[in-house]
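Just to be clear, the model below is a prediction. Sequence and coordinates:
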Amino acid sequence: MIAHEAATPAAEHGAAPTEAAFRAVYGAAPAGIWAAPGRVNLIGEHTDYNDGFVMPLALPHTTIAAVTPRTDGVLRLHSGNAEGGIVELRIDTLRPAPDGDRPAPDGRWAAYPAGVVWAMREAGLPVGGADLHVDSTVPTGAGLSSSAALEVVTALALNDLYALGLTPQRLARLTQRAENAFVGVPCGIMDQTAAACCTAGHALFLDTRDLRSRQVPFDVAAQGLRLLVVDTRVKHELGDGAYAERRAGCERGARALGVPALRDVPHAQLADALATLPDTPDMPDTRALVRHIVTENHRVEEVVAHLDAGDIRAIGPLLTAGHASLRDDFAISCAELDLAVDTALAAGAVGARMTGGGFGGSAIVLVDEAAADTVSAAVTAAFAAAGHAAPRIFTAVPGPGARRLA
Ligand code: ADP
Ligand code: MG
């Protein structure tokens, strides 16, 4: 059970409380303290399993881990955000979840850090046991990637403690493998790369085919703007099956078009590509899935061009177009996300879209600094009027990626 769910999640928390908590749990000082952030994706949704482009930025909200290595092959895991006390495992008995056996949403949190140890050992890396305690300000299950923050902070700590010398990209691949194969969640590579590679003040333009990336300056405040995150606090259950269906549909589209991945369909040839797809009653509709992925990759490139030109305001309509594409073509929005986006735009936002996997989670809203409070109030009021739980709204300032704190 995830214990704390603040109304407005505070971002800042230093190393000291986590160090103190580690001492209280394990009775000794940790060998070190590390942090890894949650993230929001500015643009590039569902493109990461199509070898496409994404553009996440790190949140100031972080997961902090205090860790000490052990020589006896025991792994002890404790979280200040989960009930149930210390989870104790032996690293030589770690086994992936059987196919289809997804973790309960809050029951098996230890699978995330344990999966990292498993993935590193499976890759032949000389990792031993550890005592680990984490504290996090990343809202869980809100589409802000608390799972990747937990995995990456674990991997970075082990990388340092066992002197593995791995690059951030390698840590991202290993932690994705942990989540895919050990925890059993078929996520793409974006979340772990964001947690491992983002830098303060930037969005990360990432090519998920080869993990080449570029830090693109994203100082919204300097242009009189603000990026709001609206956590709808809902997660509709059809999410997992729908993700698998869309993933399969994208692969079906790529096969029908004779390309390795939908990333290989140039935007200029989209109309031709759609015309060549056979008329089959696929659910979800393959044409619509292809159109979303190809236009979304193009939107990422357009956003990058505007940011390179120093014009953040110009990305607003692209964010909004991205929402329409996710709602209408990819069909993964929901009433709460649409309400957040529509209300924000009606109240004067520069652009808005759902972010993350869909069917709940969070939306992002780009807004003039002067209009931020009005827009936030309008969204909160609209949720109340519709009978939804109050959303959690906070400002996203791009923070640093995973790092050692002490
Ligand atoms: P998201 O990554 O969008 O937050 P996920 O469903 O992928 O949502 O991951 C959320 C899960 O990750 C939680 O249910 C919990 O099992 C685990 N988790 C993340 N952070 C922590 C933490 N600090 N302590 C314990 N478990 C955590
Ligand atoms: Mg996750």
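Received it, and whenever you're ready, just let me know what you need. Ligands and ions are numbered 1, 2, ... in the order given.

Tell me which stretches of the chain form helices.
Assigned by DSSP state H, the helices in the chain fall at 15-26, 111-122, 146-161, 168-177, 190-197, 239-257, 270-276, 286-308, 316-328, 335-346, 372-386.

Distance check, the closest residue to Ile364 other than its chain neighbours against Glu45.
Counting by C-beta to C-beta, 6 or more residues apart in numbering, Thr355 is the residue found nearest to Ile364 once chain neighbours are left out, at 5.0 Å. Using the backbone N, CA and C atoms, a C-beta is placed for each residue, glycine as well. Distance, Thr355 to Glu45, using C-beta to C-beta, to the nearest Å: 7 Å.

Equivalent analysis for Ala248, please.
With C-beta to C-beta as the criterion, Ala248 and Glu45 are 17 Å apart.

and what of His323?
In terms of C-beta to C-beta, His323 sits 9 Å off from Glu45.

So for those two, which residues contact both of them?
Arg353, Met354 (C-beta atoms under 8 Å, 6 or more residues apart in numbering).

which of the two has more neighbours?
Taking other C-beta atoms under 10 Å, His323 and Glu45 do not tie; Glu45 has more neighbours (28 against 24).

where does the stretch 101-250 of the chain come near ligand 2, residue by residue?
Ser145, Ser147 (C-beta under 5 Å from the ion).

Can you tell me the closest non-neighbouring residue to whichever residue of the chain sits closest to ligand 2?
Residue of the chain nearest ligand 2, by C-beta to the ion: Ser147 (3.3 Å). Leaving aside its sequence neighbours, Ser147 sits nearest to Tyr112 (C-beta to C-beta, 6+ apart; 5.7 Å).

Test my guess that that neighbour contacts Thr154.
Yes: counting by C-beta atoms under 8 Å, Thr154 is a contact partner of Tyr112 at 7.4 Å.

Compare those two (neighbour count), which wins?
Under the neighbour definition other C-beta under 10 Å, Tyr112 and Thr154 were set side by side, and Thr154 has more, 29 against 25.

pretty sure Pro60 is touching Ala35, no?
No: counting by C-beta under 8 Å, Pro60 stays clear of Ala35, with 10.4 Å between them.

out of those two, which sits in the more crowded spot?
Between Pro60 and Ala35, counted using other C-beta under 10 Å, the more crowded position is Ala35 (28 against 21).

which residues does the more buried one contact?
Applying C-beta under 8 Å, 6+ apart to Ala35 gives the contacts Ala15, Thr62, Thr63, Ile64, Ala65, Val153, Ala402, Arg403, Leu405.

Could you identify the most distant pair in these?
Largest separation among these by C-beta to C-beta: Ala15 and Ala402, giving 13.9 Å.

restrict the contacts of Ala35 to contacts with ligand 1.
Contacts with ligand 1 within the contacts of Ala35, counted by C-beta under 6 Å from any ligand atom: Thr63.

Filter the contacts of Ala35 down to the ones in strands?
Thr62, Thr63, Ile64, Ala65, Arg403 (DSSP state E).

isn't the third one right up against Ala15?
Spelled out, it's Ile64. Yes: if you go by C-beta under 8 Å, Ile64 and Ala15 touch, sitting 6.4 Å apart.

between those two, what contacts are shared?
By the contact definition C-beta under 8 Å, 6+ apart, Ile64 and Ala15 are jointly contacted by Ile33, Ala35, Leu405.

looking at it, the last one is touching Ala16, isn't it?
No: distance between Leu405 and Ala16: 9.6 Å, which falls outside the contact criterion (C-beta under 8 Å).
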